[in-house]
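>>> Have a look at this prediction, sequence included:
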Amino acid sequence: QVQLDESGGGLVQAGDSLRLSCAASERAFSSYYMAWFRQAPGKEREFVAHISRFGRTKYYADSVKGRFTISRDNAKSTVYLQMTSLKPEDTAVYYCAADRNLGTNYYQIGSYDYWGQGTQVTVSS
């Protein structure tokens, strides 16, 4: 069972940048598809970005496309989310997720078996 530990969240101003990290306990990190989701207060958890096992394929939610970049370093068992041009509506708890056997439903919460505890990102206007 893989354990995921997010870090890098914080309080920033609109227009700022922030990089989130998610470190995995699993040595066979490259066996896992990885994703970032977020949950704003009073809202459901939503898909943000996905990356394939070796980083060749990436998907983004329309709301973050062009502003956020997902990447991974398999040697460090870490996935990143570089966030730029942050907006107040990006305020949420950000979670990383992992799964070994992902199908086409990369954007669905139920497609991922492993989740981190989340890191808070707050963007002030």
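Done, it's in. Numbering: from 1, shown residues only.

>>> For the nearest residue to residue 106 once chain neighbours are set aside, give me phi and psi.
Of all residues not flanking residue 106 in the chain, residue 50 sits nearest, at 4.2 Å (C-beta to C-beta, 6 or more residues apart in numbering). For the C-beta atoms, the positions are set from N, CA and C on the backbone; glycine is no exception. Backbone torsions of residue 50, given as degrees, to the nearest 10, read phi -140, psi 150.

>>> So what's the residue count around residue 50?
Residues within reach of residue 50, counting by other C-beta atoms under 10 Å, total 22.

>>> Just want to check the distance between it and residue 99.
The gap separating residue 50 from residue 99 is 10 Å, by C-beta to C-beta, to the nearest Å.

>>> Give the other helices and strands that the helix or strand harbouring residue 23 contacts.
When elements are defined using DSSP states H and E, residue 23 is found to belong to strand 18-24. Helices and strands in packing contact with strand 18-24 are listed as strand 4-7, strand 33-39, strand 78-83, strand 92-99, strand 119-124; criterion 3 or more C-beta pairs under 8 Å, 6 or more residues apart in numbering; DSSP states H and E.

>>> To residue 71, which of the ones you listed lies closest?
Between residue 71 and those, the shortest separation by C-beta to C-beta is 4.9 Å, and it involves strand 78-83.

>>> Could you list the buried residues of that closest one?
By neighbour count, and taking 16 or more other C-beta atoms under 10 Å as the criterion, the buried residues in strand 78-83 are 78-81, 83.
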